[in-house]
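Student: Starting from these lines, generate the structure:
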Amino acid sequence: MCKPKFIRNDCSLRSYACINKYTGKVKQHCVIKILHPLLFVWIIPFFCISSAHALNLSDVEQITKQNDYISKARQFRGDALRESAIADAQLPDPQLNLGLFNLPTDDFDINSEPNTQLRFGVSQSFPRGKTLAIKEKQTKWAGNAEYQLSSDEVAKSIRSVREYYLNLYYQISAQEIINESRQYFAQLVDIVESYYRVGRVNQQDLLRAQLELSRLDDRVIELKTKEDLARAELSKWLDDKAFEPIEKEYPTLPALISQQEIINSLVDHPSIQAEDSMVSFFDEGVAIAREQYKPGWSIGVEYRKRFGDNNDGSDREDQAAAMVKFDLPIFTDQRQDRRLAASQHQVSAAKFVRSDKLQSLRQAVLRDYANWTRLSERTALYEARLVPEANANAHASLTAYQSGVTEFTTLARARITQLNVRLDSLRAKTERSSAHARLLYLAEGVL
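Tutor: Residues are numbered from 1 along each chain as shown. This next block holds a predicted model:
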């Protein structure tokens, strides 16, 4: 005999499964209501093709790179600073001077006084020392820091989506494992019910079997909630694609290098490269402060138009002038000295920030590599011993229960243990992959 139960099937309009309560085998049957032969031709390919492609980790990574808006923003900031660097290297705009000098105020007659002049001139200022060239380099270092931070943002996003995807994979796979156990417990309820009818077991065994079945339903609901949360996290990068089906095959990640190789490569990590750029940025600030001890200067030429006539009736001659102006950086103790000291403190602060960042990354490598190593050992232990032993224990408990040697509580405990061991094995495997993903981020400088 078999107990029919309707289940979901992607390639059918309606399906049901029969569970043989003695063998535990599941048979699926498809029932399709055909209104027209053409409808049959179109519907079947539609349902089967629509689920042909499932979202895999490679797809997730590619979409993330396209939708990482923070990274794109930093890229544009770097472009903006690169353009600004070119502008920073240019001389200030020349100045045009135009004025009327020595105009008498009694009659405002420009021809009455010999010293009344209309002056027209152009002047150009030059900043102190090599300030412009240094400012150009300083702005370029700031832009380079933004480019490095853009690369770091992409690496962080890839790390995050890998962990979220692995978590999503666990939630979905755990549901499948529990659903397999649920089929067994549903079968077990039928067996206990048949034993109860003939008086082989008491009612408590039947109630316990039904209770375990309900608890499995509760665990599935909990996993579905966590699945929804994982998809919501992925939607930041994937939008609606986060809610598509994912591949059933376990996601694979690029191979890892050794712990020491990762530590040695940290100086090439994008986040450290960004800190190096900021140190260089403040170093250029020190150079600019040193240039302020040099004088700035400007040059100008001027044409002076004179009005009226000389005493002998001849026209007054026009005049020209050339000028050079210099700064006099004499009193430097309260200005130049203070700014030089401030810029040197900025360099020291930037170096300490870099050192702290490097130490934090090194700490993360040691932590995640230790975690990855121990989880690898746990995964191997589950695959080699715990899962086979839990399966054997569950099978032995079923045989003993059918023979009347053991109680139902022992059988139920064995089956729950088998389920938990399978879930723990999957959890250890996905946590190991999550640690792997974090280590790949830390090794970004060489990958």
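Student: quick one: the strands in the chain?
Tutor: Assigned by DSSP state E, the chain shows strands spanning 2-7, 15-20, 26-30, 95-101, 117-126, 297-306, 319-326.
Student: Can you list the strands that the fifth one pairs with?
Tutor: Counting by DSSP bridges, the strands paired with strand 117-126 are strand 95-101 (antiparallel), strand 297-306 (antiparallel).
Student: Give me the residues contacting it.
Tutor: Residues from elsewhere that reach strand 117-126 (C-beta atoms under 8 Å, 6 or more residues apart in numbering): 91-92, 94-102, 296-307, 319, 321, 323. (C-beta placed from N, C-alpha, C; glycine too.)
Student: List buried residues within those residues.
Tutor: Among the contacts of strand 117-126, those buried by neighbour count (16 or more other C-beta atoms under 10 Å) are G296, S298, G300, E302, R306, F307.
Student: Just send those residues back as JSON lines, with distance to L423 too.
Tutor: Formatted as JSON lines, the buried ones among the contacts of strand 117-126 follow (distance: C-beta to C-beta, whole Å):
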{"residue": "G296", "distance to L423": "74"}
{"residue": "S298", "distance to L423": "78"}
{"residue": "G300", "distance to L423": "84"}
{"residue": "E302", "distance to L423": "89"}
{"residue": "R306", "distance to L423": "101"}
{"residue": "F307", "distance to L423": "101"}
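Student: Looking at those, spot the one nearest G404.
Tutor: Ranked by distance to G404 (C-beta to C-beta), the buried ones among the contacts of strand 117-126 are led by G296 at 103.7 Å.
Student: Wait, the closest one touches L132, no?
Tutor: No: in this structure, G296 is not within contact of L132 by C-beta atoms under 8 Å, at 11.0 Å.
Student: can you pull out the helices in the stretch 1-150 of the chain?
Tutor: Using DSSP state H, counting those that start in this stretch, the helices of the stretch 1-150 of the chain run over 37-50, 57-67, 69-88, 131-197.
Student: and those, which is most packed in?
Tutor: Mean neighbour count (mean count of other C-beta atoms under 10 Å) peaks for helix 131-197 among the helices of the stretch 1-150 of the chain, with a mean of 20.
Student: hang on, the earlier thing: tabulate the strands paired with strand 117-126 (a markdown table), appending mean pLDDT and distance to Y170.
Tutor: Output for those, formatted as a markdown table (pLDDT from 0 to 100; distance: least, C-beta to C-beta, whole Å):
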| stretch | mean pLDDT | distance to Y170 |
| --- | --- | --- |
| strand 95-101 | 92 | 70 |
| strand 297-306 | 92 | 70 |
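Student: how about TSV for those strands, with distance to E193 added?
Tutor: As requested, the strands paired with strand 117-126 are exported to TSV (distance: least, C-beta to C-beta, whole Å):
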stretch	distance to E193
strand 95-101	101
strand 297-306	103
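Student: Mind checking these for the one nearest to E227?
Tutor: Of all these, strand 95-101 sits nearest to E227, with 68.6 Å by C-beta to C-beta.
Student: send the alpha carbons of the closest one over as PDB?
Tutor: Extracted in PDB, the C-alpha atoms of strand 95-101 (Å, rounded to 0.1, in the frame of the first residue of the first chain):
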ATOM      1  CA  GLN A  95      45.900  89.700 -13.600                       C
ATOM      2  CA  LEU A  96      44.800  92.600 -15.700                       C
ATOM      3  CA  ASN A  97      45.200  96.000 -14.100                       C
ATOM      4  CA  LEU A  98      43.300  99.100 -15.500                       C
ATOM      5  CA  GLY A  99      43.000 102.400 -13.700                       C
ATOM      6  CA  LEU A 100      42.900 106.200 -13.900                       C
ATOM      7  CA  PHE A 101      45.500 107.800 -11.700                       C
END
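Student: any residues touching that strand, and which ones?
Tutor: Contacting residues not belonging to strand 95-101 are listed as 110, 115-125, 300, 302 [C-beta under 8 Å, 6+ apart].
Student: Now do the contacts for the residue lying closest to T409 once chain neighbours are set aside.
Tutor: The spatial neighbour of T409 that comes closest, neighbours along the chain excluded (C-beta to C-beta, 6 or more residues apart in numbering), is R208 at 6.8 Å. Applying C-beta under 8 Å, 6+ apart to R208 gives the contacts F408, T409, A412.
Student: Quick check: the second one vs D205, distance?
Tutor: It stands for T409. Distance of T409 to D205, given as C-beta to C-beta, to the nearest Å: 8 Å.
Student: just for this protein, where's the confidence low?
Tutor: For the chain, residues meeting the criterion pLDDT under 70 lie at 1-52, 200-201, 447.
Student: what domains does the record give for it?
Tutor: As recorded under automatic domain parsing, the domains making up the chain are 1-52, 59-66+175-293+330-442.
Student: residue contacts, the residue nearest the centre of the chain?
Tutor: Centroid check for the chain by C-alpha atoms, centre = their mean gives S157 as the closest residue, at 1.8 Å. S157 makes contacts with T64, K65, D68, I70, S71, W237, as judged by C-beta under 8 Å, 6+ apart.
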